[in-house]
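Asks: no sequence for this one, just the structure:
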């Protein structure tokens with residue numbers, strides 16, 4: 001069984017502090033702003049990425065699966081880490097997604113990512129997520145995806161959220177099913193990675 005805890009949608013083929021900016025994402029005439037106040041359940045908090053989160057990006061880069069299936073740099077440097085964080089900000093600036101840091105609500109440290117990426121189709125987005133290895137097993141991914149999905153469907157104007165998971169990633173499939181996502185179909189050779197193509201299972205959540 002795999003120990004991967006991620007869903008590839010900070011992905012290559014397809015994821016406010018301080019002052020109150022008005023950045024937003026438009027998806028088929030639906031305005032998807034940064035949640036204000038930030039979403040939290042007391043255990044995790046979802047917020048905009050900060051340059052002080054470089055340590056989280058560096059830890060993610062050491063995981064063999066995260067750089068393969070996302071834009072996290074495989075060969076980390078502070079310059080590459082800053083460029084990655086700037087790409088997360090650009091998702092909202094360019095209207096293609098909403099990338100949030102998953103933060104330990106007590107320590108304030110970033111431990112992962114959850115992202116919504118605009119998909120073809122009316123009011124539809126896909127969700128992706130990852131957690132750094134030392135923070136896995138605490139339920140952070142389930143909490144983060146649940147918080148963001150509920151907010152997006154009830155307050156963000158989305159009608160459908162999709163997720164795409166490799167068939168052997170049993171942990172991510174259980175995470176999605178526990179939140180209420182339903183398995184829809186098996187897509188052969190759907191995922192294009194730098195060194196391989198992969199099958200995926202598509203899940204979806206609707207109100």
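Replies: Arrived safely. Fair warning: this is a prediction, and the values are worked out from it, not measured in the lab.
Asks: Report the contact partners of the residue nearest to residue 41 when sequence neighbours are not counted.
Replies: Computed as CB to CB, 6 or more residues apart in numbering, the closest residue to residue 41 that is not its neighbour in sequence is residue 143, at 5.7 Å. For every residue, glycine as well, the C-beta is placed using N, CA and C. Shown in contact with residue 143 (CB atoms under 8 Å, 6 or more residues apart in numbering): 41, 43-44.
Asks: and residue 143, what element?
Replies: Assigning secondary structure by DSSP states H and E places residue 143 in helix 140-154.
Asks: Also residue 115?
Replies: strand 110-118.
Asks: tell me the angle of the helix or strand just after that strand relative to helix 140-154?
Replies: Sequence-wise, the next helix or strand downstream of strand 110-118 (DSSP H and E) is strand 124-131. Going by axes from the mean of the first three to the mean of the last three CA atoms, to 10 degrees, strand 124-131 is angled at 160 degrees with respect to helix 140-154.
Asks: Listing partners with orientation, what would you give for strand 124-131?
Replies: Strand pairing for strand 124-131, determined by DSSP bridges: strand 6-7 (antiparallel), strand 110-118 (antiparallel), strand 160-165 (parallel).
Asks: lowest-pLDDT helix or strand in this structure?
Replies: The helix or strand of the chain with the poorest confidence is strand 24-27; it has a mean of 45 (mean pLDDT, DSSP states H and E).
Asks: Just the buried ones from the contacts of residue 143?
Replies: Buried members of those, scored by 16 or more other CB atoms under 10 Å, are residue 44.
Asks: Mind putting the contacts of residue 143 into CSV with distance to residue 149, secondary structure and pLDDT?
Replies: Supplementary listing: the contacts of residue 143 in CSV, determined by distance: CB to CB, whole Å; DSSP: H, G, I helix; E, B strand; the rest coil; pLDDT from 0 to 100:
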residue, distance to residue 149, secondary structure, pLDDT
41, 13, coil, 98
43, 16, coil, 98
44, 13, strand, 98
